[in-house]
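> Okay, sequence plus prediction incoming.
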Amino acid sequence: MYDCGAESVAYDSIVLVKQVPDTANVTADAMKEDGTVNRGALPAIFNPEDLHALEAALEVKERFGGTVTAMTMGPPKAGEVLRDCLFRGADRAILLTDRRAAGSDTLATSYILAQAVKTIARYDFVFAGRQAIDGDTAQVGPQCAQKLGIPQITYLEEVVSLEGDTVRIRRNIGHGWEVVETRLPILATVIETANEPRPQAARRVMRMKHARATVEIEGAVRNGMPDADDAARQAEVKKRAEALRQRGLLIEQWGLDEIGADPARCGLSGSPTKVYRIQAIVLKKEGHTQVPATEEGVRGMIHELVVDRTLG
Ligand SMILES: Cc1cc2nc3c(=O)[nH]c(=O)nc-3n(C[C@H](O)[C@H](O)[C@H](O)COP(=O)(O)OP(=O)(O)OC[C@H]3O[C@@H](n4cnc5c(N)ncnc54)[C@H](O)[C@@H]3O)c2cc1C
């Protein structure tokens, strides 16, 4: 937290990261009957713009001090992106996972994420990617800001300055830049031109590669002890979780109850959006225009491109 009167100034950031199906490899069974994504059918990756959001948070920490907390909502497998965040420099990781959250659209997702941010309570920045490559809506960041009642700055390209609780941010607005100033806390959505995400740090990988959330330990125990009864499995999960906790490697895990979320506003019951179908659009060239190789011809072409907003 910033403290204008104190000598040391530090800022706490929360980064919203999403594990997404690799949409470069979409297959016919990519969607389930109920219109939700069949994640099992696609390889899972770190949503590309969220790496830039994480980098923006790490840069704030390096320039001004503070902490970085990575948070994701998803199935147990989403723990993978949290480990990635820890390897790159995040201080804390939280897995939001709850069966009642399955099938959430942007309305429900942003409600759950906002509830989790409120549960953390102390923060200066919430960073999110501009857009996830699966749902592709770019709605979750702005919806979270609205639910948190804080300013939202979209298309962040640079944190220009930070003094006390006043931040200046350069936004890329497509055909130019805009520098905006506001008071913290804020939510910012980050685009890929903002920075170059740092790679995982080898030492952190060595130190944290065994970090797991309880739900991941449960999965490993289920697979490793197929013949054991429930009590034996539970005892093993408890033992492994405690061993990780003592080494600072137990990833925090929150369900809807921990964040005070109303189950009716989560998952399919809280999601009015229904995806009807996914369609691959192939753009085809339609005719061509001959531009005279004169200054007037080129000027006319540029004018046309500006009018149809191809050029901004
Ligand atoms: C083809 C298709 C179309 C869809 N269309 C819609 C639609 O029009 N409306 C709708 O409401 N839903 C839609 N969905 C459902 C969509 O998958 C969910 O809404 C999803 O939970 C979040 O939306 P998004 O992926 O668009 O995220 P975006 O809003 O694009 O994500 C922006 C940022 O928010 C953060 N974020 C998003 N989800 C999470 C998460 N789970 N955990 C942590 N951070 C997160 C990340 O920082 C991310 O970069 C669609 C799904 C598909 C497959």
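Okay, I see it.
> next helix or strand past the strand of greatest length in the chain?
The single longest strand within the chain, with elements called by DSSP state E, is strand 152-163. With elements assigned by DSSP states H and E, the helix or strand that comes after strand 152-163 is strand 166-172.
> got the angle for the longest strand of the chain vs strand 166-172?
Counting by axes from the mean of the first three to the mean of the last three Cα atoms, to 10 degrees, strand 152-163 points 130 degrees away from the direction of strand 166-172.
> Give the bridge partners for residue 92, please.
Beta-bridge pairing for residue 92 (DSSP bridges): residue 69.
> For it, give its distance to residue 123.
The spacing between residue 92 and residue 123, counted by Cβ to Cβ, to the nearest Å, is 11 Å. No exception for glycine: its C-beta is placed from N, CA and C like everyone else's.
> how about the residues of this protein near the ligand?
Residues of the chain lying near the ligand by Cβ under 6 Å from any ligand atom: 16-18, 37, 47, 49-50, 53, 72-74, 104-107, 109, 113, 128-129, 131-132, 134-141, 273, 275, 278.
> Please produce a PyMOL select command covering the buried subset of those.
To isolate the buried ones among the residues of the chain next to the ligand in PyMOL, judged by 16 or more other Cβ atoms under 10 Å, type:
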select buried, resi 16+17+18+37+47+49+50+53+72+73+74+104+105+106+107+109+113+128+129+131+132+134+135+138+139+140+141
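> what about residue 106, distance to residue 133?
Residue 106 is 14 Å from residue 133, by Cβ to Cβ.
> Helices along the stretch 201-312 of the chain, start to end?
Secondary structure of the stretch 201-312 of the chain by DSSP state H, counting those that start in this stretch: the helices cover 202-208, 214-224, 230-246, 295-307.
> Generate TSV for those, with mean pLDDT as supplementary columns.
TSV is the format used below for the helices of the stretch 201-312 of the chain (pLDDT from 0 to 100):
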stretch	mean pLDDT
helix 202-208	98
helix 214-224	97
helix 230-246	97
helix 295-307	87
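> Could you dump those helices into CSV with mean neighbour count added?
What follows is the helices of the stretch 201-312 of the chain, written out as CSV (neighbours: other Cβ atoms under 10 Å):
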stretch, mean neighbour count
helix 202-208, 13
helix 214-224, 17
helix 230-246, 14
helix 295-307, 11
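> mind checking how far the longest strand of the chain is from the chain centre?
17 Å (Cα atoms, centre = their mean, to the nearest Å).
> Report the contact partners of residue 200.
Residue 200 makes contact with 84, 87-88, according to Cβ atoms under 8 Å, 6 or more residues apart in numbering.
> Residue 77 - how many residues pack around it?
Residues within reach of residue 77, counting by other Cβ atoms under 10 Å, total 15.
> Confirm for me that it is in contact with residue 43.
No: judged on Cβ atoms under 8 Å, residue 77 makes no contact with residue 43 at a distance of 11.1 Å.
> circling back: parallel or antiparallel, which strands does the longest strand of the chain pair with?
Strand pairing (DSSP bridges) places strand 152-163 next to strand 166-172 (antiparallel), strand 186-190 (parallel).
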